[in-house]
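# Next comes the sequence, and after it the predicted model I'd like to discuss.
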Amino acid sequence: MSKEVLKVVNIEKYYGNKGNVTKAINNISFEVEEGEFVGVMGTSGSGKTTLLNCISTIDSVTSGHIFINDNDITELNSKKLAKFRREQLGFIFQDFNLLDTLTAYENIALALTICKVNHKEIDRRIRKIAEKLNINDVLEKYPYEMSGGQKQRIASARAIITNPSLILADEPTGALDSNSAKMLLESLNDLNKNLNATIMMVTHDAFTASYASKILFIKDGKIFNEIIRGNDSRKVFFDRIIEVVTLLGGDARDVF
């Protein structure tokens, strides 16, 4: 029986004051099981990034509950939340967020060092993940010496190195050229298939979303639709995504 990693229950997020309230998230509920690769799509302002921010503990919900591995993160104090974030979540950012003064190896090692993992174990884990993501040749390089695709794969390695329960990616291909984007998506696919990583990725791009196994479509802060890839080829799934995006009222030019 598959394990539930993420459970979102009736969450709402309001911004503003009594006279002018914006409902960024309006009563959303869903679950993500271990090993799922979930895409979240929606037009600009739909609430998809707010949803990701609440799950990633960057933002807090106005009401409702978010459970990650049965831990209700909406009930944790700031100290416990920081520890939880460090140990249970992995992040992949659009602009990489690598530290310029550290080598690729040191950037990946940082999260483990903070968690007080010993040097031998850090080295073992980095060598293993570098092999999987084909980044052995850049481990001693600094970010300015790497291509965008290499930087993004280093960022992916850093996200997975702590064996997080959930990896969260916000528009991970947004700053990449098409070739680098494809390489990153293949890397995420490998993490998902080979390491059983559970991934939740926000994207406006249908090609990027077609790598996921399930897509949640958000409109006006609510779940508008959900589609599951099943045994579809990526091409067939891509076409199904485009159909829903058209129903969403998005401009087709926004999804390529």
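Arrived safely.

# What helix or strand is Asn179 located in?
helix 178-194 (DSSP states H and E).

# How about the secondary structure of Glu31?
What DSSP: H, G, I helix; E, B strand; the rest coil gives for Glu31 is strand.

# show me where pLDDT drops low in the stretch 151-256 of the chain?
250-256 (pLDDT under 70).

# show me where it has strands.
Using DSSP state E, counting those that start in this stretch, the strands found in the stretch 151-256 of the chain span residues 166-170, 199-202, 214-219, 222-228.

# With respect to burial, which of those strands scores highest?
strand 199-202 (a mean of 26; mean count of other C-beta atoms under 10 Å). In short, each C-beta sits where N, CA and C put it, glycine included.

# What are the buried residues along the helix holding Asn179?
Ser180, Ala181, Lys182, Met183, Leu184, Leu185, Ser187, Leu188, Asn189, Leu191, Asn192 (16 or more other C-beta atoms under 10 Å).

# Make JSON lines out of those residues and add distance to Met201.
Listed next are the buried residues of helix 178-194 as JSON lines, based on distance: C-beta to C-beta, whole Å:
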{"residue": "Ser180", "distance to Met201": "16"}
{"residue": "Ala181", "distance to Met201": "12"}
{"residue": "Lys182", "distance to Met201": "15"}
{"residue": "Met183", "distance to Met201": "15"}
{"residue": "Leu184", "distance to Met201": "11"}
{"residue": "Leu185", "distance to Met201": "9"}
{"residue": "Ser187", "distance to Met201": "12"}
{"residue": "Leu188", "distance to Met201": "7"}
{"residue": "Asn189", "distance to Met201": "11"}
{"residue": "Leu191", "distance to Met201": "11"}
{"residue": "Asn192", "distance to Met201": "10"}
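
# Kindly indicate which of those residues lies nearest Ile228.
Asn192 (14.7 Å; C-beta to C-beta).

# and the closest residue to that closest one other than its chain neighbours, what are its bridge partners?
Leaving aside its sequence neighbours, Asn192 sits nearest to Phe37 (C-beta to C-beta, 6 or more residues apart in numbering; 4.5 Å). Per DSSP bridges, the residues bridged to Phe37 are Ile199.

# Phe37 contacts Ala209, doesn't it?
No: counting by C-beta atoms under 8 Å, Phe37 does not reach Ala209; the two are 10.2 Å apart.

# Overlap of the contact sets of these two?
When contacts are counted by C-beta atoms under 8 Å, 6 or more residues apart in numbering, Phe37 and Ala209 have Met201 as shared neighbours.

# In terms of neighbours, single out the busier of the two.
Set side by side, Phe37 and Ala209 show more neighbours around Ala209, with 26 against 23, by other C-beta atoms under 10 Å.

# got a list of what the more buried one touches?
Here Ala209 is in contact with Gly39, Met41, Met201, Thr203, Ile215, Ile241 (C-beta under 8 Å, 6+ apart).
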